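Asker: whatever this is, show me its structure:
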Amino acid sequence: MLNKLHFHTRVFIFYSLLASVIIITLSSAFYLYIFSYVKQDSRQYFIQTVDTVAMNIDRLTEGLDAMSTQLIASEELQSLSRNIKNSIKSNPGYLNTNLEEKRGLQAIFLSINSPVDKVRKISLFFTSRDFVSIGGHIVEYKDGLPEPVYSRWNSFFETQELYFKILPPTEAGEDGMFSSPLTFSLIRPVLDTYSNFKTLGILELQQDYSKIEQICSIYDEKNEYELYIIDGTDVIYPLNVDENKKLSLYSNYIENHSPREIFAYDNEMTRRKEIICYSTLEHSSWNVILVQPRSAFMKPIHNILKLVLLLCSLFMILTIIVIFVITRSLTRPIKELRESVKRVSFENPSIDVLSHHDEIEELKDTFNEMILQLQESAHKIIHSRSSELNAHFLALQAQINPHFLYNSIMSISAAGQEDGSRKVQTMCSQLGDLFRYIASTDEYRDIPVTVQDEIIHAENYLDFMKWRYEDRLEFSIDFPESMLMIPVPKLILQPVLENSISHGFKRVRPPIRLSVKGRLNNKRWSIVIADNGGGFDNESLDNLKKQMQMIDKSILDGEFKNDFKIGGMALVNIYSRLKLQYEDNALLHIENPAEGGAQIIIGGAVQLNHNPDNREE
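Answerer: Reported below is the predicted structural model:
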């Protein structure tokens, strides 16, 4: 399907897809990196938030603990408490009548309650009814503490494992122990460390609940946070009764997880997925719980994803536009080159394309060179065709002369018969066979003859020449039978024999001895013609070699002209036809043997494509 598109479109689509894949891959990798970083950062911030709240609450309770420790460690406070405790045993309501000792304890309270860590109220209970209190807005316990409350307070310290207890404001509120504003309390036993380590009473420090609200309110509604402080199943913050069931679910769920561990939670009440983390206070059993909807927790990640998608889309669009412009500028010269090639003809053989790209200019020059070469080849083909037609015309014209000669020879033979001359008849018959072989123009004239045909023609020629030379001409012909049916070009043997008789014995006295031998070796045939004449002079050998080299070059360049006349065949003619027939396998070797005379070897590759049965005699 893409093959039907234009080149520019295919290039544009390919590089656009490649750029898109690269951009998407890099954007995905960047998003995964940012996702991991932001998620880790959100987790750290989530844990840091709950730790910060827990630390601030711890710092608040730590201040109460420090002040209570300083109070119970006072030797003066323990001495007054010891006297009051002993007096109360024998005289209940002792503090109502002995105000001096009561004021002594209040003075100690005031001296330790510093302006920096000032608590709302300090109380020391010897019994549920006997106590001493002091504070900014003193809230008098009318009849003391209810006995169940005081008993519960004492039960907290039955073991020495617990040194103090932080009381939630709800516990005090249920018993009506304070009025607005709300407070929470720290209680701890006062031990007689300077005597018998017995419990002298219970010290209570009340602090404004607004300080807890102030710490927690910073994170309320921030990032959709929900902040809770619980003590077991008791809610410390916020004081919302409707949240009890919800907090009980959180309280049960965090028992299976460690502090500062972030975990997901499917809230059945709100029907939403939430992220929860909690931290335990160091100085109390309170737990600070931070809850956030999972959608709010993942919101920064989703925002980054949207930003990455937006930037990726914009960058991809920009990249595609740039690719379009670049590919168009690169392929436009190619398109113009294609259109220019379509306009090429013999009348307009050049390509004219203006381009600022060196490669396009080189391509244009290459095309122009190729067109010039094609023009030259076309001219050569036209010239070759013209020469071929001219050769056919000359061949048709030459057919008249052999037939005239053949008819004339037959007339001489008939005259010889009338006169009773057997010699004339034989010579005319031999000469007629020679002319018939040379001038045969049947429909199979382009099919090579066989070695046997050449041998018969050569024997006819030599027999004919013996009428002239008689005993002065001797010859021998020896060919293996396996070589007789090998196809060879016509008239390659008789012209060599004729050349030997005509030129080889000008400087040598008879007898003339000719030897013709055939050889067949490794699918190559060769014929060796040897004589006892004067051989070739060096100048003749050099001329023959030069002419053979020229023939090789003209055939290689496609400029060879097959314009040899039948009557003018010689060694150069034979070599030309062997070269055209056998190409690199053609053989024509000329030498002067040491024993005298001349030797010519002709040959070629065996081509078994000749069927003599198809020829008409």
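
Asker: check what pLDDT the residue lying closest to Asp234 once chain neighbours are set aside gets.
Answerer: In this structure, Asp234 finds its nearest non-sequential neighbour in Pro168, 5.0 Å apart by C-beta to C-beta, 6 or more residues apart in numbering. C-beta: built from backbone N, CA, C; applies to glycine. pLDDT, the model's per-residue confidence, is 80 for Pro168.

Asker: hang on, Pro168 packs against Ile236?
Answerer: Yes: counting by C-beta atoms under 8 Å, Pro168 touches Ile236, with 4.9 Å between them.

Asker: looking at these two, which one has more neighbours?
Answerer: Neighbour count, other C-beta atoms under 10 Å: between Pro168 and Ile236, Ile236 has more, with 25 against 22.

Asker: wait, is that one part of a strand?
Answerer: Yes: counting by DSSP: H, G, I helix; E, B strand; the rest coil, Ile236 falls inside a strand.

Asker: for the protein, what helix or strand is lowest in average pLDDT?
Answerer: Taking mean pLDDT, DSSP states H and E as the measure, the chain has helix 169-175 as its least confident helix or strand, at a mean of 47.

Asker: which element is encountered next along the chain beyond that one?
Answerer: On the C-terminal side of helix 169-175, the nearest following helix or strand under DSSP states H and E is strand 183-191.

Asker: other SSEs contacting that following strand?
Answerer: When contacts are defined as 3 or more C-beta pairs under 8 Å, 6 or more residues apart in numbering; DSSP states H and E, strand 183-191 packs onto helix 7-72, helix 75-90, strand 165-167, helix 169-175, strand 199-208.

Asker: which one of the ones you listed lies nearest to Leu307?
Answerer: When the helices and strands packed on strand 183-191 are compared for distance to Leu307 using C-beta to C-beta, the nearest one is helix 7-72, at 9.1 Å.

Asker: please state the offset of the closest one from the chain centre?
Answerer: Distance, stretch centre to chain centre, for helix 7-72: 32 Å (C-alpha atoms, centre = their mean, to the nearest Å).

Asker: tilt between that helix and strand 183-191?
Answerer: Here helix 7-72 points in a direction 50 degrees away from that of strand 183-191 (axes from the mean of the first three to the mean of the last three C-alpha atoms, to 10 degrees).

Asker: where does the stretch 501-617 of the chain dip in pLDDT?
Answerer: In the predicted model, the stretch 501-617 of the chain carries pLDDT under 70 at residues 558-569, 608-617.

Asker: would you map the strands across it?
Answerer: Using DSSP state E, counting those that start in this stretch, the strands of the stretch 501-617 of the chain run over 512-521, 524-531, 587-591, 598-605.

Asker: make CSV out of these and add distance to Val449.
Answerer: Putting the strands of the stretch 501-617 of the chain into CSV (distance: least, C-beta to C-beta, whole Å) gives the following:
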stretch, distance to Val449
strand 512-521, 14
strand 524-531, 13
strand 587-591, 18
strand 598-605, 13
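
Asker: so which of those gets nearest Val11?
Answerer: For the strands of the stretch 501-617 of the chain, proximity to Val11 was assessed by C-beta to C-beta; strand 598-605 is nearest, at 50.9 Å.

Asker: setting aside sequence neighbours, what's the nearest residue to Val572?
Answerer: Val572's closest residue in space is Gln547 (C-beta to C-beta, 6+ apart), at 4.9 Å.

Asker: what about the strands in the stretch 301-450 of the chain?
Answerer: Taking DSSP E, counting those that start in this stretch as the criterion, the stretch 301-450 of the chain carries its strands at 449-450.

Asker: so where is it shaky, pLDDT-wise?
Answerer: Along the stretch 301-450 of the chain, the model assigns pLDDT under 70 to residues 344-360, 364, 385-421, 440-447.

Asker: shared neighbours, Pro168 and Ile236?
Answerer: Overlap of the contact sets of Pro168 and Ile236 (by C-beta atoms under 8 Å, 6 or more residues apart in numbering) consists of Phe184.

Asker: sorry, back to before: any idea which of the helices and strands packed on strand 183-191 gets closest to Arg436?
Answerer: Closest among those, using C-beta to C-beta: helix 7-72, at 65.5 Å.

Asker: who are the packing partners of the closest one?
Answerer: Here helix 7-72 touches helix 99-112, strand 183-191, strand 199-208, helix 210-217, strand 226-231, strand 272-280, strand 287-293, helix 299-342, going by 3+ C-beta pairs under 8 Å, 6+ apart.

Asker: got the buried residues for the third one?
Answerer: Buried residues in strand 199-208, counting neighbours by 16 or more other C-beta atoms under 10 Å, are found at 200-208.

Asker: what's the answer for the first one, then?
Answerer: Along helix 99-112, these residues count as buried under the neighbour rule (16+ other C-beta under 10 Å): 101-102, 104-106, 108-109, 112.
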